[in-house]
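Trainee: Quick one: sequence plus predicted model below, questions after.
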Amino acid sequence: MITVENLVKEFGPKKAVNNVTFSVQRGEILGFLGPNGAGKSTTMRMITGFFPPTSGRVAVGGHDLSEDPIAAKKLIGYLPESAPCYSDMTVAGFLGFAAEMRGLRGSARDAAIEKAVGLCFLRDVLHQSVDTLSKGYRHRTCFAQSILHDPEVLVLDEPTDGLDPNQKHEVRQLIKRMGEKKAIIFSTHILEEVEAVCSRAIIIDRGTVVANGTPAELKTRSEVAGSVSLRVQGVAVDVVRSKLGGLMVAGRVYANATGPSVTARIFPRDKGVNGELAKAVAELTAKEAWHFDELHTEEGRLDEVFRAITLPDTVKAKDA
Amino acid sequence: MSPDSLRNVWTIAKRELTGYFNSPVAYVFIVIFLLLNGFFTFMLGGFFERGEATLNSFFTWHPWLYLFLVPAAGMRLWAEERRVGTLELLLTMPIAPWEAIVGKFVACWAFLALALALTFPVVFTVGFLGSPDFGTILAGYVGSLLLAGAYLAVTVMTSALTRNQVISFILSVVICFFLILCGWEPVTNLLVRWAPDWFVNTVAAFSVMPHFAGFQRGVVDLRDLVFFASVMVFSLFSTSVILRGLRGA
């Protein structure tokens, strides 16, 4: 549904987006990650036709954004970053305006508003002026505007920003449900959100795509991915360290005493996530008759991958 | 123009007009416009002292009255969209940018037309006291409306230049002031001393005053109509160029 090819956007001498290429199919939810100023919003603005690209091509539903912008824009629902609304209108008036701009009239218009209001929990404030709304309500009003015409493509720039935890949960569920039939791109800073909602994630840094894969794939890039954590009681640290180090499949071993228990992290000799290492550790504990509280294989952490990929090289060096 | 385009222009104009009347701006504007009109016509213009059954003392002041009131009415049109960020929403809707520009312009012009229409008691007054030429009065109203439209188009343009309404207002007043003065004799006399004739004539031709004066005498000249229409078309076209530039094209 969405095809982005070699997209470049320059603001004067600065390249905000540099040669970005990806595509999103129907039924896919793409999480757009990246530090502030990485070019997420600029890319989204080009997809929705607000910014014309310096070079490259965006097509939505087969319509090129620069050749046939109106046909492409008809397919898109867009929630801009700051969730702007016309403050001199009521919520109902604003949604009515947005529906009419989408070509919905009469009963089709009313039905669309009714549905969006229900999905976004706006019934209580329907006749209130946008001016007087709290941030969360204003955000949801703008979100309602983006789904009014039941678009095939949704572009959401930080859809859960400024919401309370319950509302965040609701919006995530809503995105997930809608993602079954639509192509959705959304940007976020919250990494759990990506794991909970996205079928695929792209990490963008300084204008270029630095990672593209399912959340599970991205997590295996993590340092700790595939390592095994173990916590045992009543054994000396040195014993634990040497016994674990003696395992065939084990690589580096770190062990620390924390109170009465010992916590150990065992890295596999060959990198990768599989059950072998955990199995070997479990057999060892049984053989030595250690009493363990915890034994699990790390899947890797997205925030760690994110940091490793997007930190500037100077900061990486300082951390190390 | 397709029916879709017309519908989009109408939707945008309707939203803009509702916006005016949802806030006190519209009412304050109309009241001040009518008060000032009354003051200028009857106090400064010497409506009664003239002893003529005309509205000359009424229309004479319009270029000066509009100089401040029209930019005040139109300064928010794009500046506010830019400040709040709704510009992004509006321009990602499935519409052509010119439809939004025309829609906003038409809405504000219709609002100014309403304010102007509410000056109707002055027509009754002159009709009650004497027997005026109603054709001349109608021509005067048409001229006044066109003048307001020309100023408004300039304001629409300056409004797209900035996200600050005050800057938009000041720029617009300065440009409109130039449009009044550039055909005024003291100014042209200044130019005549050093500039070639063709230059003086070109500058003077930009003045709204001679074009507006024709309407006051009851003459609707095609050249005057073309003048006002071209100021509007040029300013609105410039607006579309400015908006495209904003998005970094």
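Mentor: On my side now, so go ahead.

Trainee: Can you get me a residue count around the residue in the stretch 151-300 of chain A that chain B sits nearest to?
Mentor: Nearest to chain B in the stretch 151-300 of chain A, going by C-beta to the nearest C-beta, is A:Val155, at a distance of 8.7 Å. C-beta coordinates here come from the backbone N, C-alpha and C atoms, glycine included. Number of residues near A:Val155 (other C-beta atoms under 10 Å in any protein chain shown) recorded here: 28.

Trainee: Can you report the mean pLDDT over the residues of the helix or strand harbouring it?
Mentor: According to DSSP states H and E, A:Val155 maps onto strand A:153-157. The pLDDT scores in strand A:153-157 average 94.

Trainee: Go ahead and name everything in contact with it.
Mentor: By C-beta atoms under 8 Å, 6 or more residues apart in numbering or on different chains, the residues outside strand A:153-157 that reach it are A:1-2, A:24, A:40-41, A:44, A:47-48, A:60-61, A:75-81, A:143, A:146-147, A:175, A:178, A:182-187.

Trainee: The same query, at a cut-off of 6 Å, please.
Mentor: A:1-2, A:41, A:44, A:47-48, A:60, A:75-81, A:182-187 (C-beta atoms under 6 Å, 6 or more residues apart in numbering or on different chains).

Trainee: what do you get for stretch B:192-211?
Mentor: B:179, B:182-183, B:188, B:191, B:224, B:227.

Trainee: do that again at 7 Å, thanks
Mentor: Applying C-beta atoms under 7 Å, 6 or more residues apart in numbering or on different chains, the external contacts of stretch B:192-211 come out as B:63, B:147, B:150, B:179-180, B:182-184, B:188, B:191, B:224, B:227-228.

Trainee: among the residues you listed, who's most crowded?
Mentor: Most neighbours among the contacts of stretch B:192-211, by other C-beta under 10 Å: B:Leu147, with 27 neighbours.

Trainee: tell me the contacts of whichever residue of chain B sits closest to chain A?
Mentor: Closest residue of chain B to chain A, C-beta to the nearest C-beta: B:Gly85 (3.6 Å). By C-beta under 7 Å, 6+ apart, the residues touching B:Gly85 are A:80, A:82, A:84.

Trainee: so the last one sits right up against B:Arg83, yeah?
Mentor: Going back to what we said before, that points to A:Pro84. No: in this structure, A:Pro84 is not within contact of B:Arg83 by C-beta atoms under 7 Å, at 9.7 Å.

Trainee: In a helix, A:Arg26, correct?
Mentor: No: counting by DSSP: H, G, I helix; E, B strand; the rest coil, A:Arg26 falls outside a helix, being coil.

Trainee: wait, it sits on A:Gly179?
Mentor: No: judged on C-beta under 7 Å, A:Arg26 makes no contact with A:Gly179 at a distance of 9.5 Å.

Trainee: Tell me which of the two has more neighbours.
Mentor: The neighbour comparison of A:Arg26 against A:Gly179 (other C-beta under 10 Å) goes to A:Gly179, with 20 against 15.

Trainee: which of A:Pro84 and B:Arg83 has more neighbours?
Mentor: For A:Pro84 versus B:Arg83, the count of surrounding residues by other C-beta under 10 Å is larger for A:Pro84: 21 against 15.

Trainee: That one belongs to a helix, doesn't it?
Mentor: No: going by three-state DSSP, the assignment for A:Pro84 is coil, not a helix.
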